[in-house]
Structure formats: C-alpha cells, structure tokens
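Colleague: kindly return the folded structure for what I paste below:
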Amino acid sequence: MTPVVGKSASVTERAAQRQPLVFIVDGDLLVRATLGSLVRLQGWQPLAFGSASEFLDAPRVAGPSCLLLDFVLPDISGLDLQQCVRDRRDMPVIFATRHTDVQVTVQALKAGAFEYLIKPVQDTHLLTVLGAALTRSKATQQQDSALRQLEERCALLTNRELEIMCLVVSGWLNKQVGSALSISEGTVKAHRASVMRKMKASSLAELVRMAGRLSMTPHARYDGASGHALERTVNSARWGRDSNVVRGARGANPT
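Modeller: Okay, here's the model as predicted:
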C-alpha cells in the first residue's frame, strides 16, 4: 500500500474514521499522488494502492467510502477487482482510465459501477462524481444501520408475537386473529401491544412498513377460520425467521 498522506498507519486509520475515505487503485505512482492531493484538498481522506492485491489485503475502514480505480492494473484488471468487492455495496466503484473499449465500459456499468470516466478527467468533474459517490455511500450505510436495528428488535419477538405481527400487518383484525389461533381477543391485544413496544412502532402503518423492510410480510387473506389461510400465513412467518430474516441478531425467543 502507498498512502498518499505522509502519516503513520495508526494516524491514517484514525483520520479515516473521521473523514469520508477515497480508495485509489492505480499502477502509476504519479497518478496516485496527484489524485491523492486533489482528494485531500477537498477534505476527504485518500488511501492509494499500486495494485488490486494491495487494496484487497488492506483492512476495511468504517465510514463512507468509494473506490477510484484504473482498468489496467499490474495484477488483475479493474473489472476483476470490481467483482472482488461486489459485496461492499456501501462502497461505490468509479473507473478513471484511458481504456476506451465500449464493451468494457458497458460491462463495468452493468456490474454496478457508479461511473466510468475517461482520462484525462477535469478536476471539477471528478470531484463532483466522488462527492456523489460518497453521498450514496453514507446513505447506504445509514439504511443498513436502520435495517440492523429493525432486525435486532424483531429478534426480541416470541414465535407467537411474530405470528400475530404477520397476521396483523396482513390486515387481520384482533378478533379474526384470536379465532384463527384459538386464543382470546384480549390475549391478541396483549401480544399486539408487546409487538408494538418491542418493535418501537408508533402505529400500525409504521409496523407494516417495518415488516416490509424486513421482507417478512405474508400474503394471505382472512376467510373465516379457514385452517388453510392460517397455515399459509403462519408458515410464512416461520419461513421468514428460519430464512434468517433477522440476520445477525441474537435469535428469536422460542415462545
């Protein structure tokens, strides 16, 4: 790794935690230094690497970031590196290269590249693109953080509470839920209140939105006390939990 800032690794890592980070991967030392200076002047933290392997070997740093890379690298192509980091959805990939092959450009964009720029790139345009990429990175991280909070709340629900939540967000009334589950309407209300409290939902509409974000909303309509409709709905609820809808959470309560 060739940091463009003349600081120790520990200082660089601490700074990266406070500032948006721009990873630069380019085989040309002069290009890395020039881009690094431009990025630093904008108030962002640059970290430059001379090859894809150097970048991939570096530890990940928390915070908004984007990857600015050339198509032609000493070890693998920029497209190959793009594939290696496809799981890092919070790090937009920007190509800045002299490689003008249209098929390569299309391939990079189809693979999710944020932008494909042809060198030389005007400083103002490059900074605009980098700024937009960092804004997207921050928004993505905020969305992921909000989803993790929902998953953690959902993990606090018991199996019965999860079943009732799925039925309620599908439009079932308390009386219908109680009839289908063979429990009293008062018991349904108590479980429902517990669901609202644990999920920190202020209204049914908010709970429905939460269920949608968790991809756990079942699709079943109430048709009396039909066991078939209930079975489809409850199985949908259990399917969601068994399929790790609550990713990374502690695991659901058993009762």
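Colleague: just the helices in the stretch 101-250 of the chain please.
Modeller: 102-110, 123-154, 159-169, 174-181, 185-199, 204-213, 227-242 (DSSP state H, counting those that start in this stretch).
Colleague: deepest of those helices, which one?
Modeller: Ranked by mean neighbour count, those are led by helix 159-169 with a mean of 23 (mean count of other CB atoms under 10 Å). (C-beta placed from N, C-alpha, C; glycine too.)
Colleague: angle of it against helix 204-213?
Modeller: 110 degrees (axes from the mean of the first three to the mean of the last three CA atoms, to 10 degrees).
Colleague: centre of the chain to helix 159-169, how far?
Modeller: 26 Å (CA atoms, centre = their mean, to the nearest Å).
Colleague: run through the neighbouring helices and strands of that helix.
Modeller: Other elements packing on helix 159-169 under the criterion 3 or more CB pairs under 8 Å, 6 or more residues apart in numbering; DSSP states H and E are helix 174-181, helix 185-199, helix 204-213, helix 227-242.
Colleague: now do the shortest one: which elements does it pack against?
Modeller: The one in question is helix 174-181. Packed next to helix 174-181, using 3+ CB pairs under 8 Å, 6+ apart, are helix 159-169, helix 185-199, helix 227-242.
Colleague: for that helix, what does the pLDDT average out to?
Modeller: Per-residue pLDDT over helix 174-181 has a mean of 92.
Colleague: circling back to that earlier point, out of the helices of the stretch 101-250 of the chain, which comes closest to A96?
Modeller: helix 123-154 (7.0 Å; CB to CB).
Colleague: avg pLDDT for that closest one?
Modeller: 94.
Colleague: does anything pack onto it? Which helices or strands?
Modeller: helix 29-41, strand 65-69, strand 93-97, strand 115-118, helix 185-199, helix 204-213.
Colleague: what about K198, distance to A211?
Modeller: 13 Å (CB to CB, to the nearest Å).
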